[in-house]
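J.: Below are the sequence and a predicted model; questions follow.
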Amino acid sequence: MSDSYSPTNDSANKGKSGDRGPLLSILIPVYNEQAYLARIVRRVIDAPLPGNLRRELILVNDASKDRTAEVMEQLRQQWPDLIRVFHQNPNQGKGAAIRRAIKEMSGDYAIIQDADLEYDPNDYPSVLTPLLEGYADAVYGSRFATRTMRRVLFYHHKLGNLFLTHLSNFTTGYDLTDMETCYKAFRGEILKSIPLRSNRFGIEPEITAKIAKRGLTVYEVPISYHGRRYSEGKKIGWKDGFSAIYTILKYWLIDDCWDAEQLHATRLLRTMEYSRNFTRRITKVILPFLGTKIAEVGAGIGTIARALPQRERLLLTDSEERPLKILKNSYDGNAVVEVHRFDPAPEEKTATSDAPETDGDIPTDNDTVLFHNQLQKYRDPAAVLRRLKTLLADDGRLIVTVPSHPFLFGKIDQELGNLRRYTREDLRRVLEEAGFEVETFLSYNRPGFGPTLWWKLTGAQEPGRWLMKLYDFTFPLTYQVRRIFPLPGTCLIAAARPAAKKS
């Protein structure tokens, strides 16, 4: 390698482990880029970063046939504190290389960087700032939004990009201008929790489809672009365009947003990722009961939290390390949202659990505490409710949702860890035992009564992803016709306040 790529003192010091601040993982898939790799790596190392970000470069060689592997090793030796190198064999494609980079990354944030000179790392500050300021979960750098400079490209290539972007927008509901952009930046824990399957360039629409189904907040910023011709080494072709169309349609129909470990570790219902319409609707039902200082206990990975209003304060709690890490990563920099550890039933901990019961500085003046679909999992529900009461202001309101109608209790409940289903009388008794006065009860999810009864009678252990997908797809319609078929609801919502103290 020529001396022109040796590190300067300034660039060599950037991103070392001794520097304090969050870590940015720069994910660089590489295939046959011996001509450009050293130059883009130098630009990445010298690029400005917002705030006090540190950097690491994750280079994945996808079985290159030229001198790329040799160049990568020379780069690693020059910047051992910054660069980590991995090799794929045999060649699997850009998507597979990105998956490997995600697996190996350790950053709080991540950005994808192609190993050529089409994208300018000097755009990192504008791409990363919405993440650091807490506005976004993901940021796309758009080649087609208003910007200062771009190289004029072939019209038909641009037309293909715009077609794929519009098709993706139609299926996701986003209004992106450039879905196929390389510059995609994410919060690290969120990116790690998304299962990716595509091996080639289908990784772009796949990521977009899955973050949309997760309900993540996405920002788009303009970037400069210096596109290269196929004679200069560009690799994407017309076959990849058809593959992208297939991928867009596939993940429009298929929900595959969480890896198996994530689903298990966060106690997320197996069917939750197929029930977005249901989740949005139940949030609207409880909206009139919410105050300005809202606490959700057992927020998990934030399925309900993302639909809750962010007013004066939104407190999100969980008792397990993995969901807490995801929540903190998701809301880092958000001035309204606080994330704390809180265990509503420390006495029911397993013997192997040594996590603290709560953070010492958790707010206790909340005017609303939400406990969604969890009370049925505890052996002593009144004790759990009394502990929730410690988070509530004297005139605050507790909102509890539970599955209703004990005769519907079946194998699905057992599989989900439920110990019981509630009647109104049961829930009122438990609330009063814990020192609450019930304001109102609401019965919810009438469209779900028939399917739940069927699963009970057939002994199903879980409803299945396709049935849940169909149920959720038709939920807005079946919800509107609930007055025609007044079936009982399968969910019970209670709003209660602390009982007045007797003099």
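T.: Nice, thanks for sending it over.
J.: Secondary structure element for residue 280, which one?
T.: For residue 280, the host element (DSSP states H and E) is helix 276-286.
J.: From the contact counts, what lies against the next helix-or-strand element following that helix?
T.: Next along the chain after helix 276-286, taking DSSP H and E as the criterion, comes strand 293-297. Strand 293-297 is packed against strand 313-318, strand 366-372, with contacts defined by 3 or more C-beta pairs under 8 Å, 6 or more residues apart in numbering; DSSP states H and E. (Glycine included, C-beta is placed from N, CA and C.)
J.: Show residues contacting strand 293-297.
T.: 304-305, 308-309, 311-317, 342, 344, 363, 365-372, 374, 388, 391-393 (C-beta atoms under 8 Å, 6 or more residues apart in numbering).
J.: can you give me the strands for the stretch 1-150 of the chain?
T.: Here the stretch 1-150 of the chain has its strands, by DSSP state E, counting those that start in this stretch, at 23-30, 54-62, 83-88, 109-112, 138-142.
J.: any idea how far the longest one is from the chain center?
T.: Just to be clear, that refers to strand 54-62. Its chain's C-alpha centre and that of strand 54-62 lie 22 Å apart, by C-alpha atoms, centre = their mean, to the nearest Å.
J.: Please name the strands paired to it in the sheet, noting orientation.
T.: strand 23-30 (parallel), strand 83-88 (parallel) (DSSP bridges).
J.: Just the C-alphas of the shortest one, formatted as CSV.
T.: Output of strand 83-88 as CSV, limited to C-alpha atoms (Å, rounded to 0.1, in the frame of the first residue of the first chain):
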residue,chain,number,x,y,z
ILE,A,83,-10.6,-1.7,12.2
ARG,A,84,-11.9,-5.3,12.6
VAL,A,85,-11.8,-7.6,9.6
PHE,A,86,-13.9,-10.7,8.8
HIS,A,87,-14.0,-13.0,5.8
GLN,A,88,-17.0,-14.8,4.2
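J.: wait, which of the strands of the stretch 1-150 of the chain is closest to residue 95?
T.: Nearest to residue 95, of all those, is strand 23-30, at 8.4 Å by C-beta to C-beta.
J.: now the closest one: how far from the chain's centre is it?
T.: For strand 23-30, the distance to the chain centre is 19 Å (C-alpha atoms, centre = their mean).
J.: Please convert the helices and strands packed on strand 293-297 to TSV, extending it with mean pLDDT, mean neighbour count and distance to residue 209.
T.: Shown next, in TSV, are these (pLDDT from 0 to 100; neighbours: other C-beta atoms under 10 Å; distance: least, C-beta to C-beta, whole Å):
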stretch	mean pLDDT	mean neighbour count	distance to residue 209
strand 313-318	95	24	26
strand 366-372	96	23	26
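J.: And for the residue lying closest to residue 317 once chain neighbours are set aside, the neighbour number?
T.: Of all residues not flanking residue 317 in the chain, residue 342 sits nearest, at 3.7 Å (C-beta to C-beta, 6 or more residues apart in numbering). Residues lying near residue 342 (other C-beta atoms under 10 Å) number 24.
J.: Report whether the expected contact of residue 342 with residue 318 is present.
T.: Yes. Residue 342 sits in contact with residue 318 when judged by C-beta atoms under 8 Å, with a separation of 7.4 Å.
J.: follow-up on the earlier one: figure out which of the strands of the stretch 1-150 of the chain is closest to residue 418.
T.: Taking the strands of the stretch 1-150 of the chain one by one with C-beta to C-beta, strand 138-142 is closest: 33.9 Å.
J.: Alpha carbons only: can I get the closest one in CSV?
T.: Output of strand 138-142 as CSV, limited to C-alpha atoms (Å, rounded to 0.1, in the frame of the first residue of the first chain):
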residue,chain,number,x,y,z
ALA,A,138,-33.3,5.0,11.9
VAL,A,139,-32.1,7.6,9.5
TYR,A,140,-31.9,7.3,5.7
GLY,A,141,-29.6,9.4,3.6
SER,A,142,-31.5,10.3,0.5
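J.: which strands and helices sit next to it?
T.: Counting by 3+ C-beta pairs under 8 Å, 6+ apart, strand 138-142 packs on helix 124-132, strand 184-187, strand 218-222.
J.: Pick the most buried one from those.
T.: strand 184-187 (a mean of 26; mean count of other C-beta atoms under 10 Å).
J.: And it, how far out from the chain middle?
T.: The answer for strand 184-187 is 11 Å, by C-alpha atoms, centre = their mean.
J.: Most tightly packed of the strands paired with strand 54-62?
T.: strand 23-30 (a mean of 25).
J.: between that one and helix 124-132, what angle do the directions make?
T.: 130 degrees (axes from the mean of the first three to the mean of the last three C-alpha atoms, to 10 degrees).
J.: need the longest helix for this protein.
T.: helix 155-172 (DSSP state H).
J.: in stretch 399-411, what's buried?
T.: 399, 400, 401, 402, 403, 404, 405, 408, 409, 410 (16 or more other C-beta atoms under 10 Å).
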